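Student: Prediction below, plus the sequence it came from.
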There are 2 protein chains.
Amino acid sequence: MSKPKEETLAVRISRALADRIIAGQIEPGSRLRQDHVAEEFGASHVPVREAFRRLEAQGLAVSEPRRGVRVASFNLAEVKEVAEMRAALEVLALRHAAPNLTAAILDEAEAATKAGDESRDVRSWEEANRSFHRLILTPCAMPRLLASIDDLHAASARFLFAAWRADWEARTDHDHRAILAALRSRQVDAACSTLAGHVQWIGRRPVPASGGKVREAFAIVG
Amino acid sequence: MSKPKEETLAVRISRALADRIIAGQIEPGSRLRQDHVAEEFGASHVPVREAFRRLEAQGLAVSEPRRGVRVASFNLAEVKEVAEMRAALEVLALRHAAPNLTAAILDEAEAATKAGDESRDVRSWEEANRSFHRLILTPCAMPRLLASIDDLHAASARFLFAAWRADWEARTDHDHRAILAALRSRQVDAACSTLAGHVQWIGRRPVPASGGKVREAFAIVG
DNA sequence: TCCGGGAAAATTATAGATAATAATCAAGTC
DNA sequence: GACTTGATTATTATCTATAATTTTCCCGGA
């Protein structure tokens, strides 16, 4: 019934856990117990441990020797750090991708932007936003760079979902359109600097915290 | 006898293997067989598999499901990719580190540069070079960024050792000194642009290839 | 007879399951 | 405050299944 095609169990488990961590279904700081996870996936602890090592490498989990692994927690400093790393790396990727961008790709990216504008919830907005970035960056053909950017996008999504859990207001993404316009007219420098600013813009918004108080949450919205 | 201090077996195994891969003791493309590794380290295959996942995440090994894991191979394109990623990320780190740099740190970095100039072999030059970069970047206090840079340094070292296996000519590192001078006089922009150029300089040199022929090897020398 | 191609069998290695032991930590308990 | 207990994790050892690889072997053709 299952498809043990070309994927190892450890990869599937780590992806499933990553999705939950990103979606905020598992609280930061809570423990990931290998036997529980193993039981849930109908697997033994061996692939689960491998999955944990993968999550660790992605920065989604932290492991303390002999004490188990926990979902990584994060703070404003890390949000800023990820934003700046994304800016640096995405600009690099865009510079190399620009010469390879076709009109078809830019049209697809515009469609993704539109889909994002029309999104009624965070989840679908994030998906549209991610595919916009992926579309304009993938043609750089630098696998290692793209993998790093993917990991940073996962972290970004986590911050985002932590801040905007339920409600989401639709808004038109002017940055994306400016980037596309610059790319269409071959103004690579302008596109890059808009992208850098776009990615580093950190949205803030109040969220209900424990104890009936209100604290401020931060996330990368781009 | 052994010191199972604060480190898990998987971490120690992956470090040991990483050292060998970086040093070129294991050829790119050759297989890492879990049972052999397990036997060598007196461990079972479970921690070995975890070590493999770590190496994979660092880009030092590639794993094909059901076919085992091999030492990652690399080519000129990847050398360039790593060089550009290092330039982007190290510049970012330096910008944040600059305000926190003390005279003591810069003196240490100068000592590291001197040690590099006096190195008679690649191995010790690489060590001195790495500590120079680490010294001036660590004060940025961005753990995720520093971890990424560390991985890129490991890749750089691998390229370097593949090209300069035995011989090494001493040379004085003018770039390092220029960077330190700029940092001492608080010219952060100048320091950053020198660093960017320094890291992206790709040295080339002929190495004996199989079949009595000579091919050219490339590496990041900075 | 010798040779090459390819099917089938044997071998090897990986992936995973299961069970057992040791080490660690967190609470209680005296 | 020291000690004990229980829970959980880390690690090892052993075992099974399955996929890859290698070897063997057979057959047809020169």
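Tutor: Structure received.

Student: can you give me phi and psi for A:A61?
Tutor: Backbone torsions for A:A61, taken as degrees, to the nearest 10, come to phi -140, psi 150.

Student: Who are the contact partners of A:W125?
Tutor: Counting by CB atoms under 8 Å, 6 or more residues apart in numbering or on different chains, A:W125 touches A:116, A:119, A:168. (Glycine included, C-beta is placed from N, CA and C.)

Student: How about A:A16?
Tutor: Shown in contact with A:A16 (CB under 8 Å, 6+ apart): A:F41.

Student: Check which helix or strand it maps to.
Tutor: helix A:9-23 (DSSP states H and E).

Student: and chain A, which of its residues are near DNA strand C?
Tutor: Within reach of DNA strand C by CB under 7 Å from any atom of the strand, chain A has these residues: A:8-10, A:38, A:42-47, A:50, A:66-67.

Student: filter the residues you listed by proximity to chain B?
Tutor: Checked against chain B using CB under 8 Å from any CB of the partner chain, these yield the following neighbours: A:8, A:10, A:46, A:50, A:66.

Student: roughly how far is the strand or helix carrying A:V91 from the heart of the chain?
Tutor: Assigned by DSSP H and E, A:V91 falls within helix A:76-97. How far helix A:76-97 lies from its chain's middle: 12 Å, per CA atoms, centre = their mean, to the nearest Å.

Student: now for the next helix or strand after that helix, which elements pack on it?
Tutor: The helix or strand immediately downstream of helix A:76-97 is helix A:103-117, counting by DSSP H and E. On a contact count with 3 or more CB pairs under 8 Å, 6 or more residues apart in numbering or on different chains; DSSP states H and E, helix A:103-117 meets helix A:122-137, helix A:174-184.

Student: for the next helix or strand after the first one, packing partners?
Tutor: Per DSSP H and E, helix A:122-137 leads on to helix A:143-163 as the next helix or strand towards the C-terminus. Here helix A:143-163 touches helix A:9-23, helix A:76-97, helix A:122-137, strand A:202-208, strand A:214-220, helix B:76-97, going by 3+ CB pairs under 8 Å, 6+ apart.

Student: Least reliable of those by average pLDDT, please.
Tutor: If you rank those by mean pLDDT, strand A:202-208 sits at the bottom with a mean of 85.

Student: Residues touching that one, excluding its own?
Tutor: Counting by CB under 8 Å, 6+ apart, A:79-80, A:83, A:163-165, A:214-221 sit against strand A:202-208.

Student: which among those end up buried?
Tutor: If you count burial by 16 or more other CB atoms under 10 Å in any protein chain shown, the buried members of the contacts of strand A:202-208 come out as A:79-80, A:83, A:163-164, A:217-221.

Student: which two of those residues lie the greatest distance from each other?
Tutor: When the buried ones among the contacts of strand A:202-208 are compared pair by pair using CB to CB, the two farthest from each other are A:K80 and A:W164, 18.0 Å apart.

Student: Skipping adjacent residues, who's closest to whichever residue of chain A sits closest to chain B in space?
Tutor: Here chain A gets closest to chain B at one residue, A:A57, 3.3 Å apart by CB to the nearest CB. Distance criterion CB to CB, 6 or more residues apart in numbering or on different chains; nearest residue to A:A57, sequence neighbours excluded, is B:A57 at 3.3 Å.

Student: Run a quick neighbour tally on the one you found.
Tutor: Residues near B:A57, counting by other CB atoms under 10 Å in any protein chain shown, number 18.

Student: doesn't it fall inside a strand?
Tutor: No: note on B:A57: no strand contains this position according to DSSP: H, G, I helix; E, B strand; the rest coil, which reports helix.

Student: on that earlier part again, so the helix holding A:V91, near chain B or not?
Tutor: Yes: with CB under 8 Å from any CB as the threshold, helix A:76-97 lies in contact with chain B, specifically through A:77-78, A:81-82, A:84-85, A:88-89, A:91-92.

Student: doesn't A:I179 make contact with A:G197?
Tutor: No: contact between A:G197 and A:I179 fails when scored by CB atoms under 8 Å: they sit 10.2 Å apart.

Student: and the two? which has more neighbours close in?
Tutor: Neighbour count, other CB under 10 Å: between A:G197 and A:I179, A:I179 has more, with 25 against 13.

Student: touching DNA strand D at all, stretch A:20-40?
Tutor: Yes: under the criterion of CB under 7 Å from any atom of the strand, DNA strand D is reached by stretch A:20-40 at A:31-36.

Student: Looking at these, which are in strands?
Tutor: When strands are assigned by DSSP state E, the members of the residues of stretch A:20-40 next to DNA strand D inside them are A:31-32.
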